[in-house]
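Chemist: need a 3D model of the following:
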Amino acid sequence: LISMESTVMTSFLKGLGRMFYIADPAEFMHSRLDSKTQYVSDAIPFFILFVLVEYVFARIRKGKTQVQYNAQETICSISLGIVQQSGDVLLRGIALYPYVYVYENYRIFDIPLTTTWAYVVLFLGVDFGYYLMHRCAHVYHFMWIGHSVHHSGEYYNFATALRQGTTQALYSRFFYLPLALLGFPFAAYAGHNSLNTLYQFWIHTEVIDRLGPLEVIFNTPSHHRMHHRPPGNCNYAGVLIIWDRIFGTFVEEKDRRDVYGLAKPLGTFNPLLANYQHALRMMSINNVRTSGSVGRGEQDSKPFDLSYFLSVFFTHRHNHRLVFKPLSVFKAFLSPTAWSFTVPMSEPFKTREKYGASSPTNRPLYSVKIYTFLNFIVTLLLTLQVLLRHKEVPLYHVVLLMIIPVWSLVSIGMLNECNPYSLKVETRRVLVVTAWLVLYSVLKVLGSMGYEYQSGNAIVGIKMFNSVMFLESPFYLDDGLLTAPLTSMYAVMIFTLWMVTRHKIRAHYRKVCEPVASRERKEKVA
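Modeler: Prediction:
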């Protein structure tokens with residue numbers, strides 16, 4: 001028992017250390033492609049732990065701290081993280097194959113990975129590669145489509161760190177190919193890249209003020225708050241803030257404000273729409289200035305033009321001057337704020353209205369909150385099951401298995417924002433899930449009666465969906481009759497629960513949402 005407790009504590013401390021870039025180099029500084037290092041997925045319990053601790057702190061210190069949590073926003077943030085991880089599973093070859101191809105065919109050196117200098121050089125290379133990628137993501141519209149998702153959160157907390165765009169993986173990995181050319185193998189690069197990602201999680205908080213002299217070298221919550229304050233085109237660092245100081249993109253936090261998110265708020269809790277909101281805004285633009293800044297020219301009624309859209313697609317949304325000031329790092333130590341541990345509040349304290357916090361049309365009923373929360377927990381458990389075991393099944397199985405969870409998250413987001421179309425979307429989802437569960441029950445009974453059937457694609461998908469509910473091993477179909485009635489009962493339960501909730505939502509729309517929406521339309525016309 002003592003040995004088991006010691007092992008658990010050791011694993012906990014190792015996982016906690018990785019959140020701050022503390023890890024054993026021997027775990028990933030090697031050239032094997034079959035590496036078992038999965039720092040990001042292994043850190044999921046710590047993500048949840050950090051969010052819960054910060055949420056409890058915000059509740060205890062309510063009115064005495066700037067830390068805020070909103071239920072709908074938090075669910076949306078985690079949903080975006082789930083959708084992004086699902087996309088990464090489907091696009092996993094984009095990260096692996098180009099890097100491995102360059103390393104295997106064009107590497108210049110065979111670097112001894114056991115040396116200290118190799119670890120340091122790769123650490124700096126990965127961090128600088130992230131700085132370049134991050135800076136370019138703010139400069140070019142086609143890259144901002146993926147990265148704007150992360151900036152869409154209007155609350156600055158640990159949950160916001162989970163907001164990630166699905167399309168960012170299409171371009172981010174290519175910034176690290178020079179490391180493959182130099183001779184760093186994929187496993188070593190992936191280890192550093194994962195640690196770099198984990199480090200950036202804990203800096204998304206308002207609990208921590210300034211960290212004194214550490215602010216000169218490292219990226220901290222204070223620096224990153226400025227990055228999330230609109231327009232946010234500064235402080236692109238991953239771990240080391242020295243890159244921003246050297247290349248002229250550093251901006252110091254001079255006061256605390258409750259102003260976060262995009263310059264034009266996202267205005268939705270739908271994770272699918274959030275991933276492509278910037279692309280949709282670009283498609284609605286009819287004119288641009290010759291300088292390349294989008295959306296500031298006069299509007300006209302031109303029809304959509306694909307060639308015109310592509311020309312806008314590759315224009316700059318922001319420009320940075322080319323600066324190289326290496327001595328600015330040393331000068332920063334002489335600044336009075338380098339030895340300060342507090343940031344004053346703005347006078348008067350600046351804030352802005354957050355989506356869903358004021359209008360009754362965006363505030364769901366209490367019963368809807370309970371319904372969406374229960375569905376969200378089931379969806380989260382199901383998705384984690386798929387993400388952790390996706391390598392055990394072919395890729396097209398994973399695609400099929402992710403349809404229901406993503407559909408569920410979209411429906412939950414629409415319900416949380418009181419979208420009129422949410423009734424139709426959720427009703428169809430409940431009918432599909434109910435049919436899925438009933439089909440599983442029928443097949444279960446037939447199997448118990450001696451009828452043979454193959455564990456084909458449909459059966460595997462049904463089994464994966466039900467494994468969370470009944471704690472059975474995925475892909476294993478037993479011959480007992482117990483699971484069939486339990487599955488049917490669950491199907492009846494979710495169908496009944498939705499029909500009751502649906503009735504309350506329809507009454508709420510007629511009584512509150514429709515009159516308010518009608519009044520807002522009249523005021524807009526007037």
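
Chemist: residues touching residue 212, list them.
Modeler: Residue 212 makes contact with 338, 339, 340, 341, according to C-beta atoms under 8 Å, 6 or more residues apart in numbering. For the C-beta atoms, the positions are set from N, CA and C on the backbone; glycine is no exception.

Chemist: save those residues as JSON lines, and put in neighbour count, secondary structure and distance to residue 266 too.
Modeler: As requested, these are exported to JSON lines (neighbours: other C-beta atoms under 10 Å; DSSP: H, G, I helix; E, B strand; the rest coil; distance: C-beta to C-beta, whole Å):
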{"residue": "338", "neighbour count": "16", "secondary structure": "helix", "distance to residue 266": "35"}
{"residue": "339", "neighbour count": "13", "secondary structure": "helix", "distance to residue 266": "38"}
{"residue": "340", "neighbour count": "16", "secondary structure": "coil", "distance to residue 266": "33"}
{"residue": "341", "neighbour count": "12", "secondary structure": "coil", "distance to residue 266": "33"}
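
Chemist: nearest to residue 409, of the residues you listed?
Modeler: Each of these was scored against residue 409 by C-beta to C-beta, and residue 341 proved nearest at 39.7 Å.

Chemist: what's the farthest-apart pair in the contacts of residue 212?
Modeler: It's 338 and 341 that sit farthest apart of the contacts of residue 212, by C-beta to C-beta, at 10.7 Å.

Chemist: how about residues contacting stretch 244-256?
Modeler: With C-beta under 8 Å, 6+ apart, stretch 244-256 has contacts from 66, 131, 135, 206, 222-223, 225-226, 233-237, 241, 243, 320-321, 323-326, 328-329, 332, 337, 343-347, 349.

Chemist: mind listing the strands for the stretch 201-350 of the chain?
Modeler: In the stretch 201-350 of the chain, no segments count as strands under DSSP state E, counting those that start in this stretch.

Chemist: where in the stretch 351-500 of the chain is pLDDT low?
Modeler: 356-363, 393, 440-441, 443-490 (pLDDT under 70).

Chemist: over to the stretch 51-200 of the chain?
Modeler: For the stretch 51-200 of the chain, the ranges with pLDDT under 70 are 63-64, 92-93, 95.

Chemist: if we use 90, what do you get?
Modeler: Residue ranges of the stretch 51-200 of the chain with pLDDT under 90: 57-72, 82-97, 114, 166-173.

Chemist: backbone phi and psi for residue 140, please?
Modeler: Main-chain dihedrals, residue 140, degrees, to the nearest 10: phi -100, psi 140.

Chemist: what ranges do the helices span in the stretch 251-400 of the chain?
Modeler: In the stretch 251-400 of the chain, the helices defined using DSSP state H, counting those that start in this stretch lie at 271-275, 277-283, 306-313, 328-332, 366-389, 395-416.

Chemist: just checking, what packs against the following helix or strand past the last one?
Modeler: Same thing as helix 395-416. Downstream of helix 395-416, the first helix or strand assigned by DSSP states H and E is helix 422-448. Helix 422-448 is packed against helix 395-416, helix 457-470, helix 483-508, with contacts defined by 3 or more C-beta pairs under 8 Å, 6 or more residues apart in numbering; DSSP states H and E.

Chemist: list the contacts for residue 46?
Modeler: By C-beta under 8 Å, 6+ apart, the neighbours of residue 46 are 15, 16, 19.

Chemist: for residue 75, same thing?
Modeler: Residue 75 neighbours (C-beta under 8 Å, 6+ apart): 269, 372, 373, 376, 412, 413, 416.

Chemist: name the nearest of these relative to residue 432.
Modeler: Looking across those and measuring by C-beta to C-beta, the closest to residue 432 is residue 412, at 15.1 Å.

Chemist: which positions in stretch 79-91 come out as buried?
Modeler: Residues of stretch 79-91 classed as buried: 79, 80, 81, 82, 83, 84, 85, 86, 87, 88, 89, 90 (neighbour count, 16 or more other C-beta atoms under 10 Å).

Chemist: so which of those residues belong to strands?
Modeler: When the buried residues of stretch 79-91 are checked against strands (DSSP state E), there are no matches.

Chemist: does residue 224 touch residue 235 like I think?
Modeler: Yes - counting by C-beta atoms under 8 Å, residue 224 touches residue 235, with 6.4 Å between them.

Chemist: need the CA coordinates for the helix or strand harbouring residue 190. CSV is fine.
Modeler: Assigned by DSSP H and E, residue 190 belongs to helix 186-199. Extracted in CSV, the C-alpha atoms of helix 186-199 (Å, rounded to 0.1, in the frame of the first residue of the first chain):
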residue,chain,number,x,y,z
PHE,A,186,10.6,14.0,-34.2
ALA,A,187,10.3,12.5,-30.7
ALA,A,188,12.7,15.1,-29.2
TYR,A,189,10.9,17.9,-31.0
ALA,A,190,7.4,16.6,-30.0
GLY,A,191,8.5,16.4,-26.3
HIS,A,192,9.6,20.0,-26.2
ASN,A,193,6.6,21.2,-28.2
SER,A,194,4.2,19.5,-25.8
LEU,A,195,6.0,21.0,-22.8
ASN,A,196,5.9,24.4,-24.4
THR,A,197,2.1,24.0,-24.8
LEU,A,198,1.6,22.9,-21.2
TYR,A,199,3.6,25.8,-19.9
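
Chemist: that older thread, for ChimeraX, what selects the buried ones among the contacts of stretch 244-256?
Modeler: Under the burial definition 16+ other C-beta under 10 Å, those of these that qualify are selected in ChimeraX by:
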select :66,131,135,206,222,223,225,226,233,234,235,236,237,241,243,320,328,329,332,337,343
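
Chemist: reformat the helices of the stretch 251-400 of the chain as JSON lines; add distance to residue 70.
Modeler: Converted to JSON lines, these look like this (distance: least, C-beta to C-beta, whole Å):
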{"stretch": "helix 271-275", "distance to residue 70": "15"}
{"stretch": "helix 277-283", "distance to residue 70": "19"}
{"stretch": "helix 306-313", "distance to residue 70": "33"}
{"stretch": "helix 328-332", "distance to residue 70": "35"}
{"stretch": "helix 366-389", "distance to residue 70": "11"}
{"stretch": "helix 395-416", "distance to residue 70": "10"}
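
Chemist: between these, which one is nearest to residue 211?
Modeler: With C-beta to C-beta as the criterion, residue 211 lies closest to helix 328-332 of these, at 13.4 Å.

Chemist: how far out from the middle of the chain is that closest one?
Modeler: 34 Å (C-alpha atoms, centre = their mean, to the nearest Å).

Chemist: for that helix, the averaged confidence score.
Modeler: Averaging pLDDT along helix 328-332 yields 92.

Chemist: what are the contacting residues of it?
Modeler: 216, 217, 242, 245, 246, 250, 338.

Chemist: what's the neighbour count on the first one?
Modeler: The number of residues packed around residue 216, counting by other C-beta atoms under 10 Å, is 21.

Chemist: likewise the third one?
Modeler: The burial metric for residue 242, expressed as a neighbour count using other C-beta under 10 Å, is 22.

Chemist: ok, now residue 231?
Modeler: Counted with other C-beta under 10 Å, residue 231 comes out at 11.

Chemist: now do the phi/psi pair for the residue lying closest to it once chain neighbours are set aside.
Modeler: Once flanking residues are discounted, residue 231 sits nearest to residue 263: 5.5 Å by C-beta to C-beta, 6 or more residues apart in numbering. Per-residue torsions, residue 263: phi -60, psi -40 (degrees, to the nearest 10).

Chemist: check the gap between residue 263 and residue 278 for me.
Modeler: 11 Å (C-beta to C-beta, to the nearest Å).

Chemist: the more surrounded of these two?
Modeler: residue 278 (24 against 8).

Chemist: quick one: the more buried one and residue 145 touch, right?
Modeler: Yes - Residue 278 lies in contact with residue 145 (C-beta under 8 Å); the separation is 4.8 Å.

Chemist: quick one: contacts for residue 369?
Modeler: If you count contacts by C-beta under 8 Å, 6+ apart, then residue 369 has 71, 416 around it.

Chemist: distance of it from residue 160?
Modeler: On the measure of C-beta to C-beta, residue 369 and residue 160 end up 20 Å apart.

Chemist: what's the answer for residue 52, then?
Modeler: Going from residue 52 to residue 160 by C-beta to C-beta gives 15 Å.
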